[in-house]
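**Q** Model the structure of this input:
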Amino acid sequence: MVLRIAACILSVTLSLPAAADPADPTEALLDSLGLPAIVQIMREEGLDYGREMAVDLIPGGATPRWQEAVSAIYDTDAMEETVRATFAESFGDTDATPLLAFFGGETGERIVDVELSARRALIDDDVEYAAREAFRGLDGSSDGRLGLITEFVQANDLLDANVVGAMNASYRFYLGLVDGGALEMSERDIADEVWSQEPETRADTREWLYGYLLMSYGPIADKDLEDYVALSSTEEGKAMNRALFDGFNAMYDEISYALGLAAAQQMMAQDL
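**A** Here you go, the predicted model:
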């Protein structure tokens, strides 16, 4: 599963989430997928995103006060708790056995490792640019690896799911700005604005997604990638990916709204 939205989450509790139950197959599956590691990477992405956003939105840019607010918003325990709870609800009583068997094996573990390594590397702007360039050079060609990647994207509905997630997060961010007093827009106005950005969002997401996947799976043999695609096409694989998107989208909906509120507070304070 690949979700690409940089944002922040507001920690609303001082208590830590309960430790994952190793006997719970759902918890074990999330651990085998590297959830704690990907949440930490998302925090790093968000801190970087917060600095970039401050340049455009906040007078004075990324002030110490803003950086402190963003860092406090990025609570990895809260982020992980949201994903785990929503994933469990969405995944329901789906049989996790074939998924645990795959991701607990050598091939599955290697796939998770390369996905995490590539995601971490893409925090570097130069690496992201190179990944995008690599995809642009293959886009529209009959390259065999690109074909396998396309099968994977289609099997998991990765493009549409990421676009929908990005648009929902954008809506929640605007809503946070409005509720924080920085903007005056109706919910209809916000929806129209978000939808007007859909073509650009889709094009950017597609380029990032394919660049990331080509980079991630470069070290993976075709046969292993074919097995991964096949797993994604099973009922269990589809249920897992739906639940992952549900979990991360719930997290990003919260963090985007919180980020909008935080930005509005900073903007309003500067106007006083």
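**Q** looking at it, residue 224 is touching residue 109, isn't it?
**A** No - judged on CB atoms under 8 Å, residue 224 makes no contact with residue 109 at a distance of 11.2 Å. The C-beta positions use only the backbone N, C-alpha and C, and glycine is treated the same way.
**Q** who's more crowded, those two?
**A** Neighbour totals were compared for residue 224 and residue 109, and residue 224 leads with 16 against 13 (other CB atoms under 10 Å).
**Q** Just the element for residue 224, please.
**A** Using DSSP states H and E, residue 224 falls within helix 222-232.
**Q** contact partners of that helix?
**A** 98-99, 102, 107, 110-111, 144-145, 148, 151-152, 155-156, 217, 220, 237-238, 241 (CB atoms under 8 Å, 6 or more residues apart in numbering).
**Q** same deal with stretch 87-106?
**A** With CB under 8 Å, 6+ apart, stretch 87-106 has contacts from 25-30, 32-33, 108-109, 111-112, 227-228, 231, 234-237, 239-240, 242-244, 246-247.
**Q** ok, how many other residues are close to residue 69?
**A** The tally of other residues near residue 69 (other CB under 10 Å) stands at 21.
**Q** go on, the one 5 residues further on?
**A** Counted with other CB under 10 Å, the burial measure for residue 74 works out to 26 neighbours.
**Q** I'd like the distance between it and residue 238.
**A** Distance, residue 74 to residue 238, using CB to CB, to the nearest Å: 31 Å.
**Q** quick revisit: if any of the contacts of stretch 87-106 are buried, put those into a PyMOL selection.
**A** Of these, the buried ones go into a single PyMOL selection, burial set by 16 or more other CB atoms under 10 Å:
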select buried, resi 25+26+27+28+29+30+32+33+108+111+112+227+228+231+236+237+239+240+242+243+244+246+247
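**Q** sorry, back to before: and the contacts of helix 222-232, which are buried?
**A** Buried residues within those, counting neighbours by 16+ other CB under 10 Å: 99, 102, 107, 111, 148, 151-152, 155-156, 217, 220, 237-238, 241.
**Q** distance of the closest residue to residue 57 other than its chain neighbours from residue 54?
**A** Nearest-residue entry for residue 57: residue 263, 5.4 Å, with adjacent residues in sequence omitted and distances by CB to CB, 6 or more residues apart in numbering. Distance, residue 263 to residue 54, by CB to CB: 8 Å.
**Q** ok, the two, which is more surrounded?
**A** Taking other CB under 10 Å, residue 263 and residue 54 do not tie; residue 263 has more neighbours (25 against 19).
**Q** what's the angle between the helix or strand harbouring the more buried one and helix 222-232?
**A** Using DSSP H and E, residue 263 sits in helix 235-271. Angle, helix 235-271 to helix 222-232, by axes from the mean of the first three to the mean of the last three CA atoms, to 10 degrees: 80 degrees.
**Q** How far away from the center of its chain is helix 235-271?
**A** Distance of helix 235-271 from the chain centroid (CA atoms, centre = their mean, to the nearest Å) equals 9 Å.
**Q** for stretch 127-146, same thing?
**A** Distance of stretch 127-146 from its chain centroid, counting by CA atoms, centre = their mean, is 21 Å.
**Q** what comes into contact with it?
**A** 118, 121-122, 207-208, 210-212, 214-215, 217, 222.
**Q** Just the buried ones from those residues, in PyMOL syntax?
**A** Buried subset of these, written as a PyMOL selection, criterion 16+ other CB under 10 Å:
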select buried, resi 118+121+122+207+208+210+211+212+214+215+217
